[in-house]
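Asker: predicted coordinates and the sequence they were generated for:
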Number of protein chains: 2
Amino acid sequence: MRILVVDDDAQIIRAMRINLRARGYDVATAFDGASALQAAAKSPPDLVLLDLGLPDMEGGDVIEGLRGWTQVPIIVLSARHSASEKVRSLDQGADDYVTKPFGMDELLARIRAAQRRSVHVEEAPVVATDSFTVDLGAKRVERDGREVRLTPTEWHILEILARNAGRLVSQRRLLHDVWGPAYQSETNYLRVYMAQLRRKLEPDPAHPRHLITEAGMGYRFEKSG
Amino acid sequence: MRILVVDDDAQIIRAMRINLRARGYDVATAFDGASALQAAAKSPPDLVLLDLGLPDMEGGDVIEGLRGWTQVPIIVLSARHSASEKVRSLDQGADDYVTKPFGMDELLARIRAAQRRSVHVEEAPVVATDSFTVDLGAKRVERDGREVRLTPTEWHILEILARNAGRLVSQRRLLHDVWGPAYQSETNYLRVYMAQLRRKLEPDPAHPRHLITEAGMGYRFEKSG
DNA sequence: CCGCATCTTAACGGGGCCCTGACGCCCGTC
DNA sequence: GACGGGCGTCAGGGCCCCGTTAAGATGCGG
């Protein structure tokens, strides 16, 4: 998940970078409109945070420059409270408009909301590895072109891991989300189901390359072994 | 374009109705959470404006009640400025959060932005398998060149599955869309009708190749077995 | 009022899913 | 080298979910 932060204030860029990185986002930055469009074209981000007060061009032109070729979610950050400014930005194609000063928690929630929607639009949240493919939207797993049938519990676990691909997911989190709040220490459940998932998905279940266990901590879904 | 306005303040409802009607929207209204969910289920709106201070239930419960079966855009209107309230609503599935008082122009722009995002792709009006063909536009099913006669309920179920061909459709979603929000646990209805559909459509009803059941999760329409 | 089509409801058998406990393995520590 | 914690593996039993059937409601047109 890459976020492009566009702002001419180095202070804000720095604060954003720290906060977003801490939440697990990749952060790219740009100080003006021209370099923002260039950066977005070079490696398209998954979301854009756009400050309106840029030195070289109008914020609206940046929005239109992006909207010419991409549907990436754009959240506008601005010190201007004027209603007409909000209306203009939103109608030019921005997805949300947040006025400074704002709380980081709120911004993060709005980022999550925007991201959730765009996943729905692109309609193909698919996580692929060399040996199998997880289609989160269709709730289906393929391996060597053939469908693999998972039980509800197996799917539930795999879904959480796949949605956090590359990141460590704690046993507590898995147990809580799958079995409920009362089951946070039954780690043997996890062992049984991880074994079943590996048997169904891993080329060599005894030496897993994608469903990795981090001893004492949790499990991690690894896309490319 | 239908908008459902949920607010317990008759004054606001009235103002909303006038403003939105003037912009060409159809307006439905509800004064509390229960009737909002009921109204949404009866004839699904294209967007929901939701006030958080409802007399009968928490706003969050209304969001979750909707999100259980629909992706309709939800814009929360609230007098509470607290960041934690915003975060909670957005993470529960709201698309936007606007604090009162707000300008009608801004709200209209946010409605347009939400609406713009939620436009999805049209699906093919005809879904074909090796053994039968479903014409969604004409509401007809053919098998071996001969028309198959379906009852209204049978058709309703088949239509939902065919429009989501390849994807898993939860039992909850099927029950909600066919029988209504009060029947979300009568899974035996589904069993009876899936059996009837299979008897009418599958070459070998005992070993279905197109109307697949995923135990504990739902059903899936499979084009090519 | 009757007959037909459709929907609802209940009961039953079977298969698969989830839980559970036991056992062995690999590592660290002592 | 013994020990224990964490993990992987396996198999059996209970139970839930599903498919099937058929009889009782319900609604509609004649």
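Answerer: That came through fine. Residues are numbered from 1 along each chain as shown, chains lettered A, B, ... in the order given.
Asker: run through the bridge partners of A:S170.
Answerer: A:G218 (DSSP bridges).
Asker: distance of it from A:R146?
Answerer: The gap separating A:S170 from A:R146 is 32 Å, by CB to CB, to the nearest Å. Backbone N, C-alpha and C define where each C-beta goes, glycine included.
Asker: which of those two has more neighbours?
Answerer: Shown here are A:S170 and A:R146; by other CB atoms under 10 Å in any protein chain shown, A:S170 has more neighbours (13 against 7).
Asker: so chain A: which segments form each domain?
Answerer: Per automatic domain parsing, the structural domains of chain A span A:2-122, A:126-221.
Asker: for DNA strand D, which of those domains is the nearest?
Answerer: domain A:126-221 (3.5 Å; CB to the nearest atom of the strand).
Asker: residue boundaries of the strands in chain A?
Answerer: Here chain A has its strands, by DSSP state E, at A:2-6, A:26-30, A:47-51, A:74-78, A:96-99, A:126-128, A:132-135, A:140-143, A:146-148, A:168-170, A:211-214, A:218-221.
Asker: most neighbours per residue, which of the ones you listed?
Answerer: Stretch with highest mean neighbour count among those: strand A:47-51 (a mean of 25; mean count of other CB atoms under 10 Å in any protein chain shown).
Asker: output the contacting helices and strands for that strand.
Answerer: Judged by 3 or more CB pairs under 8 Å, 6 or more residues apart in numbering or on different chains; DSSP states H and E, strand A:47-51 is in contact with strand A:2-6, helix A:33-42, helix A:59-67, strand A:74-78, helix A:104-122.
Asker: which of the strands of chain A comes out lowest on mean pLDDT?
Answerer: Note on those: lowest mean pLDDT is at strand A:126-128, with a mean of 91.
Asker: what about it, near chain B?
Answerer: No. Strand A:126-128 does not reach chain B (CB under 8 Å from any CB of the partner chain); its nearest approach is 12.2 Å.
Asker: what does chain A have sitting close to DNA strand D?
Answerer: When proximity is defined as CB under 7 Å from any atom of the strand, chain A approaches DNA strand D at A:171, A:187-188, A:190-192, A:194-195, A:198-199, A:205-206, A:213, A:215-217.
Asker: from those residues, which is closest to A:F102?
Answerer: A:M217 (34.0 Å; CB to CB).
Asker: is it true that the closest one touches A:R173?
Answerer: No. The pair A:M217 / A:R173 is not scored as a contact, 10.7 Å apart, by CB atoms under 8 Å.
Asker: quick one, which of these two is more surrounded?
Answerer: A:R173 (15 against 12).
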